[in-house]
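[1] A structural model of the following input is requested.
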Amino acid sequence: MYQTYILAFIVENKPGVLYKISNMFRRRSFNIESLTVGPTENEDFARMTITVKGNENMMEQLTKQTNKLMEVIKVTVLNKKNTVMREIALIKIFTVDSKTRSDIIQYVDIFRGHIIDVSPESLIVEMTGESNKIDAFIELSRPFGIKELARTGVTALKRGIGENKK
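    Below is the predicted model of the structure:
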């Protein structure tokens, strides 16, 4: 049975690395569910967080293959129990009247989100947290009418002290 895995990569921060890694996923018929990339505390390296569905054997194969790439410093399959994970979503929601606007504002407060833009016909909400929290807010907001939605994908760090070397 397939489940969701979160892979954390430390890679060389140079052009073409994202292409090489994503191409490896493509050649092995893995669909990347989400992808975040950014520089680390050391400007020579970048951190990539990739969410993918598969089974344990597939993840073992994938980590072995990606570890063979020269530009990959380290790849780790993150465990949800010892990992801090966050995602950001921007959600533009229709507000046809003051009652709707009031209800949405109340939901945003309950979910500890932020209203970052207001117009006569819509609100833009910023929601940060674990994916299941964002999913729940989106489902609650659907009856109001979601005009636009943008999600960053999961970014994650392993708890405790980590190393950026092979």
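[2] Now do the helices in this structure.
    17-27, 56-67, 98-110, 131-141 (DSSP state H).
[3] tilt between the second one and helix 17-27?
    It refers to helix 56-67. Interaxial angle of helix 56-67 relative to helix 17-27 (axes from the mean of the first three to the mean of the last three Cα atoms, to 10 degrees): 140 degrees.
[4] now for helix 56-67, which elements pack on it?
    strand 3-12, helix 17-27, strand 45-54, strand 72-78 (3 or more Cβ pairs under 8 Å, 6 or more residues apart in numbering; DSSP states H and E). Every residue, glycine included, has its C-beta placed from N, CA and C.
[5] who wins for proximity to Arg101 among the ones you listed?
    strand 45-54 (33.3 Å; Cβ to Cβ).
[6] Can I get the closest one in CSV? Just the C-alpha atoms.
    Output of strand 45-54 as CSV, limited to C-alpha atoms (Å, rounded to 0.1, in the frame of the first residue of the first chain):
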residue,chain,number,x,y,z
PHE,A,45,24.1,24.2,-0.2
ALA,A,46,20.3,24.1,-0.7
ARG,A,47,17.6,22.2,1.1
MET,A,48,15.0,20.4,-0.9
THR,A,49,11.9,18.9,0.6
ILE,A,50,10.0,16.5,-1.7
THR,A,51,6.7,14.8,-0.9
VAL,A,52,6.0,11.6,-2.8
LYS,A,53,3.7,8.6,-2.6
GLY,A,54,5.1,5.1,-2.5
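[7] Which residues does it contact?
    Contact with strand 45-54 is made by 2-13, 17-18, 21, 25, 30-40, 59, 62, 73, 153-156, 164, as judged by Cβ atoms under 8 Å, 6 or more residues apart in numbering.
[8] just the buried members of these?
    5-11, 13, 17-18, 21, 25, 30, 34-37, 59, 62, 73, 153-156 (16 or more other Cβ atoms under 10 Å).
[9] rewinding a little: now tabulate the helices of the chain in JSON lines and tack on distance to Lys81 and mean pLDDT.
    Output for those, formatted as JSON lines (distance: least, Cβ to Cβ, whole Å; pLDDT from 0 to 100):
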{"stretch": "helix 17-27", "distance to Lys81": "25", "mean pLDDT": "94"}
{"stretch": "helix 56-67", "distance to Lys81": "16", "mean pLDDT": "91"}
{"stretch": "helix 98-110", "distance to Lys81": "26", "mean pLDDT": "96"}
{"stretch": "helix 131-141", "distance to Lys81": "15", "mean pLDDT": "96"}
